[in-house]
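K.L.:
Build the 3D model from these lines:
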Amino acid sequence: MGAYEDSYRRSLADPEGFWLEAAGAITWTRPPTRALDDSAAPIYRWFPDGELNTSYNALDRHIEAGLGDRTALIYDSPVTDYTRSYTYAELRDEVALFAGALRDQGVRKGDRVIVYLPMIPEAVITMLACARLGAIHSVVFGGFAPKELAARIDDARPKVIVAASCGIEPSRLVEYKPIVDAALELARHRPDRTILLQREFLPGRLGEGDIAWSDAVANATPADPVPVAATDPLYVLYTSGTTGKPKGVVRDNGGHAVALAWTMGAVYDIKPGDVWWTASDVGWVVGHSYIVYAPLLIGATTVLYEGKPVGTPDAGAFWRVISDHGVKALFTAPTALRAIKKVDPEAAELAKYRLDGFSTLFLAGERLDPETYHWAHEKLGVPVVDHWWQTETGWPIVANPRGLEPLPVKPGSATVPLPGWDVQVLDADGSRLPAGEEGSIAIKLPLPPGALPTLWGDDQRYIDNYLSRFDGYYLTGDSGYVDADGYVFVMGRTDDVINVAGHRLSTGSMEAVLASHPAVAECAVIGVHDALKGQLPRGLVVLKAGATISPEVLQGELVAAIRRDIGPVAAFRDVSVVDALPKTRSGKILRKTMRGIADGRDEPVPSTIEDATVLDALRPILRQEP
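P.N.:
Sure, this is the predicted structure:
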């Protein structure tokens, strides 16, 4: 029996022993004596009697082990032409001081802090400072629209917002402070304070209730780590809900630390002192798990990159970072590779750099298409490893366990379920399907440590959204199949949340924006395949009788409305005026059928359709035929 198979079987047969052993890699103020609390099932808790501080585990304990001079964080910012490294001691001191500044603003254990920062060291410092106090951070992707930010403010009810004056894109500056001010005008909840980091490129206006970061830390004294229960929340991260109301995914302290520390060695083959780079954003779960927490928990060096795959300055940007900093492994999204491939298909920029120590490319965020896999493998000459997970799970469900036992790669598959994840493919009735048959991918409860224990303030919504479809299972919302070798193939979403370049966005939320236009009677938004971003939203609108607006003007107004209310990340540009939308006799719009036609499949006409001529009229529009 191989190392992977042994670990996987043991994790399912003896989760108590497996995870208590893994917990030995973490420093506890009160070590747990048991792993799983199932007394409130289907709400499960891990390490219920344990106590720790995540910030201490990420920083102080390495310093106490004599590793304070080891590099913890490398900040590489091609958009500002600036690079800086922090040792573990330097990063700990910055974190402790800002934790003291937050404490001076009244932040205490259990309070929430919203973080609205770009990819700068202060984002990492703020997250770890919150963890140091036992406060709960909620990072909102920098540049998110005021309406989306306001919804998160009202749900999390933060005591403090920490924001920057601006973010920097390759061709423009993005003012953050007006977005924060607009969000606060929309929100019902009013935080006590906004701490604003003034960036020299575009300072923001300080108003009532605002304080500059520099002033906040000027008189602060460093804060010591505050022990918290393993089951206490570390952060809340919002993901799109199909109802339009954001879902606050909760991450606990204990299970999170144990799971992430375990994955760095077992999955990614990263050891203390190795240089690891996750080219993502701290506004996403990938940034939380694998820019900030996981590498620091094990004493590795993590790269924080403020730039793009192309355009900062060219398609060799990623290879330059790997070469400059001696990166051992890179984790990014297939979108990034597709962007590089589009600009530099022969990888000519790669020849300019030495990647001697580079060993593995990890990809996740959306399905890795075989074409991108083969291109990356051929050009880089290293293993290209797809893996699959979600905001909710916090770490990979299915992956190639490079540190446990590297397995053969099958293009199109994320490889095998990792220890702790009992992955099964079910039919509509909840029966397990045989190898090779596609169905709903579900995970047998309990979920392992590090996965969400619930949604913020709403256990029932967690149960309704994830646990009610199949009794005893977590519903991933993805479809796929498992082959005869146990390899998992994830084929796509089963709901109407689409994946645009790694951003999970609700088509329902976009439809609500389109429907609010005074000329629109009804609408639908579907996700269609895109070679670069994975999926793009396409809108179809039916006008109200008597509406006189021209299609060109309407399109411009609808695109602007989505940009305003959802944000530029939606990449919404394609909307068509149509006479009618295809529906079932019960009134359900046939979104799945339209999506299939738009993606070029020969979709059959559903037997439940109300009027087949409506669908026939839409076919050339969906296929964008002349």
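K.L.:
who's in contact with the residue nearest to Gln535 when sequence neighbours are not counted?
P.N.:
Spatial nearest neighbour of Gln535, excluding adjacent residues (CB to CB, 6 or more residues apart in numbering): Gly527 at 4.1 Å. C-beta coordinates here come from the backbone N, C-alpha and C atoms, glycine included. Contacts for Gly527 (CB atoms under 8 Å, 6 or more residues apart in numbering) come out as 493, 496, 498-500, 507, 535-538, 595.
K.L.:
Now rank those residues by neighbours and give me the top one.
P.N.:
Ile498 (27 neighbours; other CB atoms under 10 Å).
K.L.:
Which residues does it form beta bridges with?
P.N.:
On the basis of DSSP bridges, Ile498 is bridged to Leu505.
K.L.:
for the stretch 451-600 of the chain, which spans come out with low pLDDT?
P.N.:
492, 495-496, 584-587 (pLDDT under 70).
K.L.:
ok, now with 80
P.N.:
Residues of the stretch 451-600 of the chain meeting the criterion pLDDT under 80: 491-498, 502-506, 508-509, 512, 545, 584-588.
K.L.:
which residue ranges form the strands in it?
P.N.:
473-482, 488-493, 497-500, 503-506, 520-530, 534-543, 574-577 (DSSP state E, counting those that start in this stretch).
K.L.:
residues in contact with the residue sitting furthest away from the middle of the chain?
P.N.:
Here the centre of the chain is the reference, and by CA atoms, centre = their mean the most remote residue is Gly546, at 43.4 Å. Contact partners of Gly546, counting by CB under 8 Å, 6+ apart, are absent.
K.L.:
How about Leu540?
P.N.:
Contacts of Leu540 (CB under 8 Å, 6+ apart): 523-526, 575-576, 578, 581, 594, 618, 621.
K.L.:
Buried ones from those residues, can you make that a ChimeraX selection?
P.N.:
To isolate the buried ones among these in ChimeraX, judged by 16 or more other CB atoms under 10 Å, type:
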select :523,524,525,526,575,578,581,594,618,621
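K.L.:
Was I right to think Ala164 contacts Met119?
P.N.:
No: using CB atoms under 8 Å, Ala164 is not in contact with Met119; the gap is 10.2 Å.
K.L.:
For the two, list the residues in contact with both.
P.N.:
With CB under 8 Å, 6+ apart, Ala164 and Met119 have common neighbours Gly142.
K.L.:
Quick check: Val95 is in a helix.
P.N.:
Yes: using DSSP: H, G, I helix; E, B strand; the rest coil, the assignment for Val95 is a helix.
K.L.:
ok, and the residue nearest to it when sequence neighbours are not counted, which helix or strand is that part of?
P.N.:
Computed as CB to CB, 6+ apart, the closest residue to Val95 that is not its neighbour in sequence is Leu128, at 4.4 Å. Using DSSP states H and E, Leu128 sits within helix 121-133.
K.L.:
where does the stretch 1-150 of the chain dip in pLDDT?
P.N.:
In the stretch 1-150 of the chain, residues with pLDDT under 80: 1, 143.
K.L.:
quick one: low-confidence parts of the stretch 151-300 of the chain?
P.N.:
240-245.
K.L.:
where along it do the helices fall?
P.N.:
177-186, 213-218, 254-266, 285-287, 294-297 (DSSP state H, counting those that start in this stretch).
K.L.:
what does the second one rub up against?
P.N.:
Think helix 213-218. 97-98, 100-101, 104-105, 122, 162, 195-198.
K.L.:
Of those residues, which pair is most distant in space?
P.N.:
Spanning the widest gap among these are Gly100 and Gln198, at 19.6 Å by CB to CB.
K.L.:
Between those two, tell me which one has more neighbours.
P.N.:
A side-by-side neighbour count of Gly100 and Gln198, using other CB under 10 Å, places Gly100 first with 20 against 17.
K.L.:
For the more buried one, which residues are in contact?
P.N.:
217, 220-223.
K.L.:
if we go to 10 Å?
P.N.:
Gly100 is in contact with 129, 132-133, 216-217, 219-224, counting by CB atoms under 10 Å, 6 or more residues apart in numbering.
K.L.:
Take those residues and lay them out in CSV including neighbour count.
P.N.:
Supplementary listing: those in CSV, determined by neighbours: other CB atoms under 10 Å:
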residue, neighbour count
Ala129, 28
Arg132, 28
Leu133, 26
Ala216, 22
Val217, 16
Asn219, 9
Ala220, 18
Thr221, 11
Pro222, 16
Ala223, 21
Asp224, 14
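K.L.:
For stretch 223-230, measure first residue to last.
P.N.:
For stretch 223-230, the first and last residues are 20 Å from each other (CA to CA, to the nearest Å).
K.L.:
What residues sit buried inside it?
P.N.:
For stretch 223-230, a neighbour-count test (16+ other CB under 10 Å) marks 223, 225-230 as buried.
K.L.:
Make a markdown table from those residues and add distance to Ser289 to it.
P.N.:
Formatted as a markdown table, these follow (distance: CB to CB, whole Å):
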| residue | distance to Ser289 |
| --- | --- |
| Ala223 | 24 |
| Pro225 | 20 |
| Val226 | 22 |
| Pro227 | 22 |
| Val228 | 19 |
| Ala229 | 21 |
| Ala230 | 17 |
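K.L.:
which of these lies closest to Ala561?
P.N.:
Of the buried residues of stretch 223-230, the one sitting nearest to Ala561 (CB to CB) turns out to be Val228, at 42.1 Å.
K.L.:
That closest one and Arg108: what is the separation?
P.N.:
Note on Val228: its distance to Arg108, by CB to CB, to the nearest Å, is 12 Å.
K.L.:
any shared contact partners between those two?
P.N.:
Each of 133-135 lies in contact with both Val228 and Arg108 under the rule CB under 10 Å, 6+ apart.
K.L.:
Which of those residues sits closest to His256?
P.N.:
Distances from His256 to the shared contacts of Val228 and Arg108, taken by CB to CB, are shortest for Gly134, at 13.9 Å.
K.L.:
could I get the contacts of Gly527 as a markdown table with distance to Gly420?
P.N.:
Shown next, in a markdown table, are the contacts of Gly527 (distance: CB to CB, whole Å):
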| residue | distance to Gly420 |
| --- | --- |
| Arg493 | 23 |
| Asp496 | 29 |
| Ile498 | 28 |
| Asn499 | 24 |
| Val500 | 29 |
| Thr507 | 32 |
| Gln535 | 29 |
| Leu536 | 34 |
| Pro537 | 34 |
| Arg538 | 38 |
| Arg595 | 33 |
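K.L.:
now, the most widely separated pair of those residues?
P.N.:
Taking CB to CB, no two of the contacts of Gly527 sit farther apart than Arg493 and Arg538, at 15.3 Å.
K.L.:
So which bits of stretch 570-586 are buried?
P.N.:
Buried residues in stretch 570-586 (16+ other CB under 10 Å): 570-572, 574-575, 577-578, 580-583.
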